[in-house]
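In: Fold the following and give me the result.
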Amino acid sequence: MSSIDSQRRVVSGMRPSGRLHLGHFHGVLKNWIKLQHEYECFFCIVDWHALTTDYEASGEVSQHVMDMAVDWLAAGVSPSSATLFIQSQVPEHAELHLLLSMICPLGWLERVPSYKELQQHLQHKELDTYGFLGYPLLQAADILLYRAGLVPVGADQLPHIEFARDIARRFNHLYGREADFEDKAEAAIRKLGKKTAKLYVSLRKSYQEQGDVEALNTARAILKEQQTITIGDQERLYGYLEGCGKLLLPEPQALLGELPKISGLDGSKMSKSHSNAIYLRDTSAEIEEKIRRMPTDPARVHRQDPGEPTRCPVWQMHLTHSEAAVCEWAEQGCRSAGIGCLECKAPLIDAIRGELAPLQERALDYEQNTDLVRSILADGAERARDEARETLVEVRQAMGLGYR
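Out: Prediction:
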């Protein structure tokens with residue numbers, strides 16, 4: 001397992017719920033486009049997750065998946081730079097979920113913050129199902145299956161990453177302990193050579209006795225560079241370093257980026273459920289109509305009344321989509337009543353149209369060639385399965401299910 005550089009591998013997913021909007025583009029996709037050139041990325045359309053809350057509307061999932069794939073590709077997520085695939089086309093996700101469910105305490109699932117929050121928010125749906133209760137474990141399986149070290153998330157998703165870490169830690173504790181683990185680990189240390197072995201022991205002591213994370217990372221880097229020990233010994237030393245057994249499933253870390261809150265047409269966070277979104281494939285006419293109908297500063301009743309931009313949803317959208325000079329013009333014009341609200345909206349319409357035009361042109365090509373989109377997703381699924389199979393071979397053997 002340690003032959004995989006987990007800290008260079010990123011996994012992320014998105015639940016298919018229809019076409020994507022500007023919030024998805026600025027909040028997630030732009031970050032993915034950057035990451036795909038810096039890390040080994042696996043981006044997954046998590047269609048099984050869609051069923052955890054929308055199982056009664058499963059007939060829409062297939063089209064939602066295709067809409068999402070087209071939007072990803074049109075936005076610039078590239079199949080030549082990242083692995084793009086559909087969760088259900090990699091059945092190993094389900095197997096690892098099942099195996100991890102054997103060791104997952106029920107109370108862990110019930111304590112995930114989003115469990116009760118979503119139940120309250122979606123009271124109109126029947127969510128007293130195992131699928132809904134267990135979706136954080138399925139999410140953990142999605143991550144651990146690829147031995148990913150990094151998961152790009154917003155702050156609201158941190159409990160889910162910590163849950164995945166807890167599951168990995170529990171798995172490693174239960175199944176990573178060999179009967180003679182410490183003897184084998186000490187033997188592996190001697191194979192490092194005197195100088196490196198002494199440094200490893202010192203760093204291990206600093207981490208375990210003082211919690212020195214820098215020492216932990218230095219020791220990991222040293223082990224990664226070793227060419228004189230086997231992969232099995234490398235795994236033992238990773239685990240011995242952290243005070244556990246053989247490291248089978250690396251614990252993922254949250255990759256916190258700048259995930260801005262993208263304001264919708266009403267000033268609240270842009271969301272399909274709030275009906276306040278501009279979609280990536282909205283026509284030019286639809287974009288203009290939506291923005292022209294936006295509410296503005298409620299205190300600005302007459303054209304000559306000075307306004308307060310911070311109370312205006314249009315101003316919030318200017319901050320995301322307009323250039324600095326336009327933002328300054330809009331702010332000053334509003335406060336001085338030098339411009340009217342329709343005047344203020346005009347450059348915003350132009351900015352969003354201009355931003356989406358090249359994306360929409362690419363989207364049209366993919367819409368007209370759905371076989372290409374399916375082929376990209378199928379190829380991605382095969383690449384993902386190759387990695388997933390390797391993980392499950394190790395997991396099965398660790399759990400005593402290796403029958404070959």
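In: rest of the way, CA atoms for contacts and neighbours
Out: Will do.
In: Let me know how buried Tyr135 is, in neighbour terms.
Out: Neighbour count of Tyr135, defined by other Cα atoms under 10 Å: 20.
In: what sits against it?
Out: His49, Thr52 (Cα atoms under 8 Å, 6 or more residues apart in numbering).
In: where's it relative to His49, distance?
Out: Counting by Cα to Cα, to the nearest Å, the gap from Tyr135 to His49 is 7 Å.
In: Flag the shaky bits of the stretch 101-250 of the chain, pLDDT-wise.
Out: Within the stretch 101-250 of the chain, the stretches with pLDDT under 70 are 119, 121, 244.
In: again, only this time at 80
Out: The model of the stretch 101-250 of the chain has pLDDT under 80 over residues 114-127, 155, 176-179, 231-232, 235, 242-247.
In: so where do the helices sit in it?
Out: 106-110, 113-121, 130-133, 135-144, 158-175, 181-190, 194-210, 213-225, 231-242 (DSSP state H, counting those that start in this stretch).
In: in the third one, what counts as buried?
Out: Buried residues in helix 130-133, counting neighbours by 16 or more other Cα atoms under 10 Å, are found at Gly131, Phe132, Leu133.
In: ditto for the longest one
Out: Of the residues in helix 158-175, 158-173, 175 count as buried by neighbour count, 16+ other Cα under 10 Å.
In: what's in contact with that helix?
Out: Residues outside helix 158-175 that contact it (Cα under 8 Å, 6+ apart) are 100, 103-104, 108, 112-113, 136-137, 139-141, 143-144, 151, 244-254, 398-399.
In: And for Gln120, the neighbour number?
Out: Gln120 has 11 nearby residues by other Cα under 10 Å.
In: Contact partners for Asp47?
Out: With contact set as Cα under 8 Å, 6+ apart, Asp47 has these partners: Arg15, Pro16, Val61, Val65, Ile86, Gln87, Ser88.
In: Of the residues you listed, which is the nearest to Gln208?
Out: Using Cα to Cα, Gln87 comes nearest to Gln208 of these, at 37.9 Å.
In: surely that closest one meets Cys44?
Out: Yes - Gln87 is within contact range of Cys44, at 6.0 Å (criterion: Cα atoms under 8 Å).
In: before we move on, the earlier item: which ones among the contacts of Asp47 are found in strands?
Out: Mapping the contacts of Asp47 onto strands (DSSP state E) picks out Ile86.
In: Just the buried residues of the contacts of Asp47.
Out: Arg15, Pro16, Val61, Val65, Ile86, Gln87, Ser88.
In: Pretty sure the last one sits against Ala50.
Out: No - in this structure Ser88 lies outside contact range of Ala50 using Cα under 8 Å: 11.0 Å.
In: Can you tell me how far the spatially closest residue to His21 that is not a sequence neighbour is from Ile229?
Out: Closest residue to His21 apart from its sequence neighbours, by Cα to Cα, 6 or more residues apart in numbering: Tyr279 at 3.8 Å. Note on Tyr279: its distance to Ile229, by Cα to Cα, is 53 Å.
In: Please apply the same query to Lys30.
Out: 40 Å.
In: avg pLDDT for the lengthiest helix in the chain?
Out: Longest helix of the chain, by residue count under DSSP state H: helix 370-398. Average pLDDT, helix 370-398: 96.
In: what packs against it?
Out: Applying 3 or more Cα pairs under 8 Å, 6 or more residues apart in numbering; DSSP states H and E, we find helix 370-398 packed against helix 61-75, strand 82-86, helix 92-101.
In: can we see that at 7 Å?
Out: strand 82-86 (3 or more Cα pairs under 7 Å, 6 or more residues apart in numbering; DSSP states H and E).
In: how many other residues sit next to Pro313?
Out: 20.
In: give the contact list for it.
Out: Leu265, Asp266, Gly267, Pro295, Thr296 (Cα atoms under 7 Å, 6 or more residues apart in numbering).
In: what about it, distance to Lys194?
Out: Here Pro313 is placed at a distance of 65 Å from Lys194 (Cα to Cα).
In: coming back round to it: need the worst-confidence member of the contacts of Pro313.
Out: Among those, Gly267 carries the lowest pLDDT, at 88.
In: Quick check: closest non-adjacent residue to that residue.
Out: In space, and not counting its chain neighbours, Gly267 is closest to Pro313: 4.4 Å by Cα to Cα, 6+ apart.
In: Look up how far Gly264 lies from that neighbour.
Out: Distance, Pro313 to Gly264, using Cα to Cα: 7 Å.
In: thinking again about what came up before, among Tyr279 and Ile229, which residue is more densely surrounded?
Out: The neighbour comparison of Tyr279 against Ile229 (other Cα under 10 Å) goes to Tyr279, with 20 against 13.
In: before we move on, the earlier item: as a markdown table, the buried residues of helix 130-133 with distance to His274 would be great.
Out: Converted to a markdown table, the buried residues of helix 130-133 look like this (distance: Cα to Cα, whole Å):
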| residue | distance to His274 |
| --- | --- |
| Gly131 | 25 |
| Phe132 | 22 |
| Leu133 | 25 |
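In: Out of these, which is nearest to Arg300?
Out: Nearest to Arg300 among the buried residues of helix 130-133, with distances taken as Cα to Cα, is Phe132, at 45.9 Å.
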